[in-house]
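In: Just need the structure, nothing else, for what follows:
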Amino acid sequence: MPADNVDGFRKDTLDLLKQLDAPVYRWPGGNFVSGYDWRDGLGERDKRPTRTNPAWTGIEPNDMGMDEFVHLCELIGTEPMIAVNTGFGDAYSAAAEVEYANGSAETLMGKARAANGHPKPFGVKWWCVGNEMWGAWQLGYMQLNQYVLKHNWVEEKMRQVDPTIKTVASGDIGTRVGTNSWSRGMLKSCADHMNLISEHFYVSRPNQDVAAHVQQVPANIKRIADAHRQFRKDIPSLEGKDIRIALDEWNYWYGPHAFGELGTRYFLKDALGIAAGLHEYFRDGDVIFMANYAQTVNVIGCIKTTKTHADFDSTGLPLMLYRREFGTIPVKVEHQAAPLDISAALTSDGKALTVGVVNPKSEVVQLKLNLKAIQVTRKAQTWIIAGSDPMACNQPGEPRKVDITEDAPTDLGITVSVKPYSITLWRVPVQ
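Out: Numbers count the residues shown, from 1 in each chain. Okay, the predicted model is just below:
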């Protein structure tokens with residue numbers, strides 16, 4: 001660990017996390033959580049038990065427990081979301097975990113938290129009730145008709161400890177969205193025991209055609225959103241409820257493992273797909289509440305490290321750019337420019353319009369924007385992520401081949417040029 005570490009966290013990586021500015025982080029997983037005993041991560045680090053990683057390879061030293069995770073969230077100014085074990089775990093362990101996080105110092109587990117140096121409750125609001133429990137590979141997997149009983153039992157015990165928590169159920173629309181869909185069964189039997197329902201997807205088959213490769217991400221998001229719109233029409237128990245989606249794992253997952261176990265390298269064409277995915281999320285806010293790119297550092301992360309350097313992988317750049325500059329009030333967009341993907345939003349104060357354009361083509365595209373519905377000034381701030389090679393990638397410690405550049409102000413009142421293989425973001429004041 002470098003000498004400039006911050007409470008055991010690498011400073012170079014913390015700096016990137018602060019730039020990324022993600023609003024919420026999910027921990028400890030993932031498939032890992034179904035075999036994880038959260039108590040193993042408490043107390044003095046040198047006295048914590050070392051375990052075999054229950055989901056992947058290698059050893060889990062348990063140096064990173066709940067106390068450290070919450071402290072990390074404090075260091076980077078984000079909100080924690082904790083997943084409880086509904087695989088090998090049970091309702092009483094999950095309830096104790098909530099009490100450790102949120103109980104007063106007079107409760108049994110709150111007293112244990114205070115003894116570990118944290119007398120004030122953590123106040124964790126978001127809780128995932130299990131992970132991918134629909135998957136036969138999952139530790140503790142069971143059939144849906146059995147799992148719905150376990151979910152309700154676990155969630156009830158958690159909420160008895162802290163009625164203010166928000167819970168995320170484990171869902172999956174599956175490849176067939178019919179009567180056998182896991183999400184449909186969860187919504188039918190557990191609608192009174194969840195605030196959100198989780199969905200996951202990964203794009204595991206790259207396409208040599210860049211436009212087709214990019215489109216896979218928004219297509220998956222729309223497929224999930226449309227399925228849940230149909231559930232709302234079909235399932236009586238959802239009447240009067242607004243159970244939206246936490247798409248808390250989504251990404252590409254196909255490239256070479258250049259950064260250790262599952263340390264997938266990402267390319268410019270993947271960054272274009274992530275930006276197009278953000279556009280689709282903006283279009284589906286009626287049914288999607290939260291989306292958590294998976295994962296953050298190394299593995300299939302948007303930040304990659306070596307022993308001496310850390311930097312954004314290509315996919316981290318659109319996540320950071322849109323978080324920093326894009327608006328939060330979606331605006332309807334109509335266009336005839338496919339395969340370009342175009343999205344727009346007003347800033348929260350209504351003082352600026354932002355427009356994002358993803359161009360997956362190998363040539364410059366000319367666009368004429370019709371902004372008559374919103375009166376704006378003509379000159380827009382312009383940020384671009386672009387390159388001539390869709391397979392360009394970044395390596396920590398070396399100059400970036402994929403990066404964000406701020407271009408000269410763009411006059412949106414005339415025909416504008418969009419670079420090949422690019423993400424372009426404009427921000428223009430509203431008159």
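In: ok, Lys150 touching Leu144?
Out: No - counting by CB atoms under 8 Å, Leu144 is not a contact partner of Lys150; they are 10.6 Å apart. All C-beta atoms are positioned from the backbone trio N, CA, C, and that covers glycine.
In: quick one: low-confidence ranges for the stretch 51-200 of the chain?
Out: 175-179 (pLDDT under 70).
In: quick one, helices of it?
Out: Listed in chain order, the helices found in the stretch 51-200 of the chain under DSSP state H, counting those that start in this stretch are 66-76, 91-102, 108-115, 144-161, 182-190.
In: Bridging across strands, which residues link to Ala291?
Out: As for beta bridges, Ala291 partners with Leu247 under DSSP bridges.
In: how far away is it from Glu132?
Out: In this structure, Ala291 and Glu132 are 16 Å apart, going by CB to CB, to the nearest Å.
In: and the helix or strand hosting Thr405, how far out from the chain's middle?
Out: Secondary structure assignment for Thr405, by DSSP states H and E: strand 404-411. Averaged C-alpha coordinates place strand 404-411 at 28 Å from its chain's average position (CA atoms, centre = their mean, to the nearest Å).
In: partners of that strand, with directions?
Out: Take DSSP bridges as the rule and strand 404-411 pairs in its sheet with strand 379-386 (antiparallel).
In: what pLDDT, on average, does the partner strand get?
Out: The average pLDDT for strand 379-386 rounds to 97.
In: pull the CA atoms of that strand into PDB?
Out: C-alpha atoms of strand 379-386 as PDB (Å, rounded to 0.1, in the frame of the first residue of the first chain):
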ATOM      1  CA  LYS A 379     -23.400  28.800 -28.400                       C
ATOM      2  CA  ALA A 380     -23.000  25.500 -26.500                       C
ATOM      3  CA  GLN A 381     -20.200  24.100 -24.400                       C
ATOM      4  CA  THR A 382     -18.900  21.000 -26.100                       C
ATOM      5  CA  TRP A 383     -17.300  17.900 -24.800                       C
ATOM      6  CA  ILE A 384     -16.200  15.000 -27.000                       C
ATOM      7  CA  ILE A 385     -15.000  11.400 -26.500                       C
ATOM      8  CA  ALA A 386     -13.800  10.200 -29.900                       C
END
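In: Need the CA coordinates for the strand holding Thr405. CSV is fine.
Out: Taking only C-alpha atoms (Å, rounded to 0.1, in the frame of the first residue of the first chain), the coordinates of strand 404-411 have been written out as CSV:
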residue,chain,number,x,y,z
ILE,A,404,-12.7,13.6,-22.8
THR,A,405,-11.8,16.8,-24.7
GLU,A,406,-13.5,20.1,-24.4
ASP,A,407,-14.0,21.6,-27.8
ALA,A,408,-14.6,25.1,-29.0
PRO,A,409,-18.2,26.3,-28.3
THR,A,410,-20.6,24.9,-30.9
ASP,A,411,-23.3,27.0,-32.7
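In: What's the mean pLDDT across stretch 368-375?
Out: If you average the pLDDT over stretch 368-375, you get 88.
In: actually stretch 240-253, sorry about that
Out: Rounded mean pLDDT across stretch 240-253 is 98.
In: Give me the buried positions along stretch 295-309.
Out: Within stretch 295-309, the residues that qualify as buried are 295-305, counting by 16 or more other CB atoms under 10 Å.
In: got it, and stretch 424-431?
Out: By neighbour count with 16+ other CB under 10 Å, stretch 424-431 contains the buried residues 424-428.
In: Could you let me know which of those ends up closest to Ala94?
Out: The shortest gap between Ala94 and any of these belongs to Leu425, at 41.3 Å (CB to CB).
In: what helix or strand is that closest one on?
Out: Per DSSP H and E: strand 422-429 holds Leu425.
In: Could you name the helices and strands sitting against that strand?
Out: Taking 3 or more CB pairs under 8 Å, 6 or more residues apart in numbering; DSSP states H and E as contact, the helices and strands that strand 422-429 lies on are helix 268-283, helix 316-325, strand 352-359, strand 379-386.
In: what is the orientation angle of that strand with helix 316-325?
Out: On the basis of axes from the mean of the first three to the mean of the last three CA atoms, to 10 degrees, strand 422-429 is oriented at 10 degrees to helix 316-325.
In: Next, the angle from strand 422-429 to strand 352-359.
Out: With the same axes, to 10 degrees defining the directions, strand 422-429 sits at 170 degrees from strand 352-359.
In: Can you give the contact residues for strand 422-429?
Out: The set of residues external to strand 422-429 that reach it, using CB atoms under 8 Å, 6 or more residues apart in numbering, is 271-272, 275, 318, 321-322, 325-326, 351-359, 376-387, 410, 412, 418.
In: Using CSV, list the CA coordinates for that strand.
Out: Presented in CSV, the C-alpha positions along strand 422-429 are these (Å, rounded to 0.1, in the frame of the first residue of the first chain):
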residue,chain,number,x,y,z
SER,A,422,-17.8,9.6,-30.9
ILE,A,423,-19.8,10.8,-27.9
THR,A,424,-20.6,14.5,-28.1
LEU,A,425,-22.3,16.4,-25.3
TRP,A,426,-23.5,19.9,-25.7
ARG,A,427,-24.7,22.2,-22.9
VAL,A,428,-26.4,25.4,-23.9
PRO,A,429,-28.1,28.1,-21.8
